[in-house]
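>>> here you go, sequence then predicted model.
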Amino acid sequence: MIDRGEKKGQFLGAVSVSYGLIALIIVVLFASGLFTQMMESINLKGYPDIYAFVAILFLGTFAILFARGEPVAVMAIGTIASFFVLTVGQEPLVRYLTLAAVLFSIGMYGMVVSRNAVRVLMSIELMLNAVNLNLVAFARYIDPIHLRGQVFAVFILTVAAAEAAVGLAIVLAIYRNTATVDMERFKLLKW
Amino acid sequence: MFDWVEQLFRGIWQSIVGLYEIRRGLGTVAMHALRPPTTEVYPDIVPPLPAHFRGRLALTVNPETGEHLCISCRQCERVCPDKCIEITAHKSPETNKLELIDFKIDHGLCMFCGLCTEVCPTYCIINTNDFEMADYTRESLVYDLKKLTLTQEESAYYFDRKENPLPKPKPAKAAPAAQGAAPAAAGKAATAEKPAPAGAGQTAQTKAATEGESAKEAETKSPDAQVAPEAPPKLSNDEGKSDEAKPENESGEGPRQG
Amino acid sequence: MIANAAEIRKFTILSWGWLTIIFGLVWAVSWLVGVAIPLLLANVQADWARLVTEICQVLTPLVAVMVFIPINAMFMVLAERRALALFTVRKGPNRVGPDGFLQTLADALKLLFKEDITPRGADAFMFTLAPIIFFAPSIFGALPLLAAVTNNHNLFQVVNLPTGIFYVLAVSSVPVVGIVMGGWASNNKYSLVGALRSAAQAISYEIPLVLSIITVCLMAGTLDVVKIAEMQKGGLLNWNILGGGALSGLNKYFQALAAGQADAHQMLSQYYPDWGSVIATVVLIACTVLLVGIYLTGACAEINRIPFDLPEAESELVSGYNTEYSGIKFAIFFLAEFTNLFIVSTIATVMFLGGGDCPLPDWLNPLTNPAVTQPVGKFFSFFTDRIHLIDPSTFFPAIWVIIKVYALVFFAILVRGTLPRFRIDQLMAFGWKRLVPLSLIIFVLVTFAKGAVRLHV
Amino acid sequence: MEHLDLLRAWIPGRLDDFLFYLLAVMAIPMALGVLFDRTIIRSGFLLIGVFGSICGLFLVLQAQFLALAQLMIYAVGITLVVVIALMLTNPKLEKEAQPGTAHQQLGSFLVAGALFFTIYCALRSESWPLSSEAVSPDVQTIGMALTTTYALPFEFASVLLLAALVGAIMLAKAERAISDKEEPSKEAGEQNQPATLFERDTTVSSTRR
């Protein structure tokens, strides 16, 4: 096991090094004119809200890093604020897709980070629901006659149900054998 | 090989039988709705209690003359398993007989076994049919002589109801001794002679408060409604509690006088 | 002959008195909001007046349900206590008001003023949220049924959803979340066990319940409760409980016979051309009768009523999931339980018992005879035409609905008085091994039999 | 429904906007809470909240059938999740069930942020072929699509569900047989699934506090 204090030092070092590297890369890119080309190629010039979002994202990251007391509150406020910035005045479809993207990202983050197996399952459900939201929004705004998005959402519902059932059964079986649902201990190939 | 077929049909048959039984049960319960309720509406209609119901303990007086029946033999005190009876008596120097001063029963301790009533030679201590004795303090459950002693009518009622032999009047010489022992009661000769009005007078205040309820009951209700004879002692208890200090000395000796 | 006539009479008077109060009040409130205010504002030529009118019309069903639920629950509690007293040869509550008429009002007041306790170690937020989650679905679930039982009256057309019965079923599956939440948040083992039992039970019995309802929807070909109720019009033979409309040909035949039509027999052979259709009709009748049984069983389990009240079994768990609740939160739990009973009965009425339909067919029913209806209509013309207080097309159906629903409620009370509680493993075995396969078999049978006979001709 | 025209006219997009933001602002913190709440059961209830608000969004999107299906399946399904989480909850585990190490956290956060950024850039730069038709509120459209055009996927989905059902039962039951073999005296007779659940539950809830 890693010592906590040592880990913290490692962590801060890694953060500063990575941020330095990112800053260096950005500077180099700007200098070589590549960055402006990239920006033009993905057509971001007309969207000032994205810059605001990036600012909020980084601010949020630093807030989490330095105000480690309540990272969830900071994260929630940051996410909601950036969500507002990104969606106000947009097309309804874009708003829904953005919300779905937010939920999907949250679900993915949780899936990677969580150590409790049940929580991982919950995160997967969250991601599936975000996809569902996408599909229904498409059905509403692009294909309101045939509602193909809703049909696929029905399929996703069934898949989600099956996933939940089997996943929970597996978690239950593992728990019976090892008396834990910690994902870190599931690395074993046999027990 | 075809066990499962048999099981299937047996299951179906069992289900049908079960459904029939459930229907029968429902029918039985539904038919019960046609029977009159067995509920006793207690405070409105007091249920008829048996003659040997063991309720609150009380002391009787001679229903004809009004004299107290207790001879202070202390048999009840001795036999009481809970030791809840406490008799205070002293030997009168004149008559050389035991004389009752106070008689205390702690009803909070009493378990209503009725042993004291069985040993009593004069049928003085009895179990009445009164069971509404709830009170706010433990102290008020300790009944003294005044609270315990019944009036003449009540005594007559219980003698009649429990089919106890009526007591013979005591020898005449006991009376002057009693009067001598209670000089303060000289002015109450009238009450000694006519206890019924005395009892009425005792409860007069409470009667006024309760709008003559007990009086009405006493008049109207037949012997199967036992509230009538029980109401006066209960009410007088309340009265005695409310102004305990004042009338204690005056009327407390009333029963002893008899 | 009936030795208990006095008590039964008291019970009847009490019931009808309460019912009159309940439905009179609901009628009055919905009339006030949905008709009177718009009538008053009809002459005002302003945008705000029209807006207020429309808002009123939107809010009418909600207001009606909100007024209805608490009073109805009060009545049902009282009726249950009195009826159980009848069945167990007792007297029941008879102190507050004449013959206990106001007993539950006093109880409700007491519960409202009682101290609201949150146990130590409880999750206070969830502890508070649980009764709300338990109660809210009963309001929303009642809304589409309102359109069905009032014959899609103008006032309540807003809540007529295309997915009516599916909506009701989906919404009524939510309360189990409230139960689990409350049971967990109470920080009490009994509550937790009750909540877990409730979750297991609700999930198990939801399947036969939904399957039975879906079978009816399959026969009717729609999810719309109003349409399902309308299809069953025309007497007992058209109701879903008797073959889901397979007997409506017979109904037509009887009508033709009564009218003295010559081609009546031909008509019959047109509706039932071959033996296959007759067999299918018989199969359908058997299936639907069983479906009603399955539905009532599943519903009983779903709303945690005896004999399926394991979540609050007093003898094992103190009071199950609501052990720690007191005051108004407990009152809300209580309210929701009885409202759920009412909603379940209403669903059964609409889906199986023909909604607001008179059991007599139209040609036998004097109430639909124009010779009766026209003079009555003239007599009430002021109320009907000018101020829209009474709608004759809704009035009699409403009374039939009330009779049917409360008959089912009374039946539930009778069941409560009769049957003992299940054991948890018996409950699970009964649900999964008996009811689910039975309802699946019925579903398949109905699918095949439906093709061989014309339903709701 | 005709008399609602004025309301519709008066709130053309506003009600939808308002409801969208209301539900989104409910959904996002609850989704974060699902990840970060220390009590796994509470995060389960929060997940129900997220699904509830997504159900509301479906209603705003006029997908009534899907919203109700979502409510029905998830209200029950997630309650199951919560119940199982309850049974697996262990106070010791609760404390160590923090999100992973700081490296993981930072890396995942950056990846998730980058993912979101990519998706957002993609969907902003796309020009969507929006249709102005009204959605048919009827369930029949979906039903017809499921039984005609998508009949094969529908059957596959049902087979998948069946397989999942059987698999879940087998997974949950296999352990049962072993434990019966190990300690046959403990529970003879036909105690079935719920009995085990409750046996688990009592042990867990006694250690819960």
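Ah, there it is.

>>> do the helix ranked longest in chain D and chain A meet?
In chain D, taking DSSP state H as the definition, the longest helix is helix D:151-182. Yes: Helix D:151-182 reaches chain A (CB under 8 Å from any CB of the partner chain) through D:153-154, D:157-158, D:160-161, D:163-165, D:167-169, D:171-172, D:174-175, D:179. The C-beta positions use only the backbone N, C-alpha and C, and glycine is treated the same way.

>>> cool, and stretch D:130-137?
Yes: among the residues of stretch D:130-137, D:L130, D:S131, D:E133, D:A134, D:V135, D:S136 lie within reach of chain A under CB under 8 Å from any CB.

>>> on that earlier part again, by contact count, what packs against the longest helix of chain D?
In this structure, helix D:151-182 packs against helix A:148-178, helix D:193-208, with contacts taken as 3 or more CB pairs under 8 Å, 6 or more residues apart in numbering or on different chains; DSSP states H and E.

>>> average pLDDT across the last one?
Looking at helix D:193-208 alone, the average pLDDT works out to 42.

>>> same thing with the longest one?
The predicted model assigns helix A:148-178 a mean pLDDT of 82.

>>> now stretch C:327-336
The average pLDDT for stretch C:327-336 rounds to 88.

>>> pull out the buried positions in that stretch.
Along stretch C:327-336, the positions that meet the burial threshold by neighbour count (16 or more other CB atoms under 10 Å in any protein chain shown) are C:I328, C:K329, C:F330, C:A331, C:I332, C:F333, C:F334, C:L335, C:A336.

>>> what about that stretch, near chain D?
No: under the criterion of CB under 8 Å from any CB, stretch C:327-336 makes no contact with chain D; the nearest approach is 15.4 Å.

>>> what separates the residue of the stretch 101-250 of chain C found nearest chain A from C:L209, distance-wise?
Distances from the stretch 101-250 of chain C to chain A, computed as CB to the nearest CB, single out C:I203 as the nearest residue at 11.6 Å. Here the criterion is CB to CB, to the nearest Å. By it, C:I203 lies 11 Å from C:L209.

>>> more crowded one of these two?
C:L209 (27 against 17; other CB atoms under 10 Å in any protein chain shown).

>>> quick one, what contacts that one?
C:L169, C:I294, C:Y295, C:G298, C:A299, C:E302 (CB atoms under 8 Å, 6 or more residues apart in numbering or on different chains).

>>> pick out the most distant pair among the residues you listed.
Across the contacts of C:L209, the longest distance by CB to CB is 14.2 Å; it joins C:L169 and C:I294.

>>> show the pLDDT at the spatially closest residue to A:S114 that is not a sequence neighbour.
For A:S114, ignoring the flanking residues on the chain, the nearest one in space by CB to CB, 6 or more residues apart in numbering or on different chains is A:V120 at 5.0 Å. A:V120 is assigned a pLDDT of 84 by the prediction.

>>> quick one: low-confidence ranges for the chain?
Because you didn't say which chain, this covers chain A. Per-residue confidence of chain A (counting by pLDDT under 70) places the weak regions at A:1-74, A:89, A:179, A:185, A:187-191.

>>> wrong one, chain D
Looking along chain D with the criterion set at pLDDT under 70, you get D:1-14, D:75, D:79, D:81, D:84-102, D:137, D:174-209.

>>> try it again at 50.
Along chain D, the model assigns pLDDT under 50 to residues D:1-2, D:96-97, D:176, D:180-209.

>>> chain D: strands as residue ranges?
Per DSSP state E, chain D carries no strands over any range.

>>> the residue nearest to A:S114: how many residues sit nearby?
Other residues within reach of A:V120, judged by other CB under 10 Å, total 21.

>>> ok, and the closest non-adjacent residue to the residue of the stretch 101-250 of chain C closest to chain A?
The spatially closest residue to C:I203, leaving aside those adjacent along the chain, is D:V76, at 5.4 Å (CB to CB, 6+ apart).

>>> could the residues of stretch D:130-137 next to chain A go into CSV alongside neighbour count?
Converted to CSV, those look like this (neighbours: other CB atoms under 10 Å in any protein chain shown):
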residue, neighbour count
D:L130, 11
D:S131, 13
D:E133, 10
D:A134, 9
D:V135, 19
D:S136, 15
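
>>> right, and B:L34 touches C:I2 too?
Yes: counting by CB atoms under 8 Å, B:L34 touches C:I2, with 5.1 Å between them.

>>> mutual contacts of the two, please.
With contacts taken as CB under 8 Å, 6+ apart, the residues that reach both B:L34 and C:I2 are C:I8.

>>> who has more neighbours, the two?
Comparing B:L34 with C:I2 by neighbour count (other CB under 10 Å), the higher total belongs to B:L34, at 15 against 12.

>>> residues contacting the more buried one?
Listed by CB under 8 Å, 6+ apart, the contact partners of B:L34 are C:I2, C:A3, C:N4, C:I8.

>>> circling back to that earlier point, show me which of the contacts of C:L209 neighbour chain D.
Near chain D, judged by CB under 8 Å from any CB, the entries from the contacts of C:L209 are C:L169.

>>> between the contacts of C:L209, which is closest to chain B?
Top of the list for closeness to chain B, among those and by CB to the nearest CB, is C:I294 at 12.3 Å.

>>> relative to C:I207, how far out is the closest one?
Using CB to CB, we find C:I294 at a distance of 10 Å from C:I207.

>>> who has more neighbours, those two?
Counting neighbours by other CB under 10 Å for C:I294 and for C:I207 shows that C:I294 has the greater number, 23 against 17.

>>> so which strand or helix has the more buried one?
Taking DSSP states H and E as the definition, one finds C:I294 inside helix C:275-302.

>>> in that helix, what counts as buried?
Applying 16+ other CB under 10 Å to helix C:275-302 flags C:277, C:280-281, C:283-285, C:287-288, C:290-292, C:294-302 as buried.

>>> helices along chain A, start to end?
Assigned helices in chain A, in chain order: A:4-32, A:34-41, A:48-66, A:71-87, A:92-113, A:117-141, A:148-178 (criterion: DSSP H).

>>> orientation of the longest one relative to helix A:117-141 in degrees?
Just to be clear, that refers to helix A:148-178. Orientation of helix A:148-178 against helix A:117-141 (axes from the mean of the first three to the mean of the last three CA atoms, to 10 degrees) gives an angle of 180 degrees.

>>> CA atoms of stretch C:357-372 as PDB?
Taking only C-alpha atoms (Å, rounded to 0.1, in the frame of the first residue of the first chain), the coordinates of stretch C:357-372 have been written out as PDB:
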ATOM      1  CA  ASP C 357     -72.500   1.100 -16.800                       C
ATOM      2  CA  CYS C 358     -75.800  -0.100 -15.500                       C
ATOM      3  CA  PRO C 359     -75.900  -3.900 -15.200                       C
ATOM      4  CA  LEU C 360     -79.200  -3.900 -17.100                       C
ATOM      5  CA  PRO C 361     -78.900  -3.600 -20.800                       C
ATOM      6  CA  ASP C 362     -80.300  -0.400 -22.300                       C
ATOM      7  CA  TRP C 363     -83.500  -1.900 -23.600                       C
ATOM      8  CA  LEU C 364     -84.400  -3.100 -20.100                       C
ATOM      9  CA  ASN C 365     -83.100  -0.100 -18.300                       C
ATOM     10  CA  PRO C 366     -85.900   2.400 -17.300                       C
ATOM     11  CA  LEU C 367     -83.400   5.100 -16.600                       C
ATOM     12  CA  THR C 368     -82.300   5.400 -20.200                       C
ATOM     13  CA  ASN C 369     -85.800   5.200 -21.500                       C
ATOM     14  CA  PRO C 370     -86.700   8.600 -23.100                       C
ATOM     15  CA  ALA C 371     -90.100   8.500 -21.400                       C
ATOM     16  CA  VAL C 372     -88.300   8.800 -18.100                       C
END
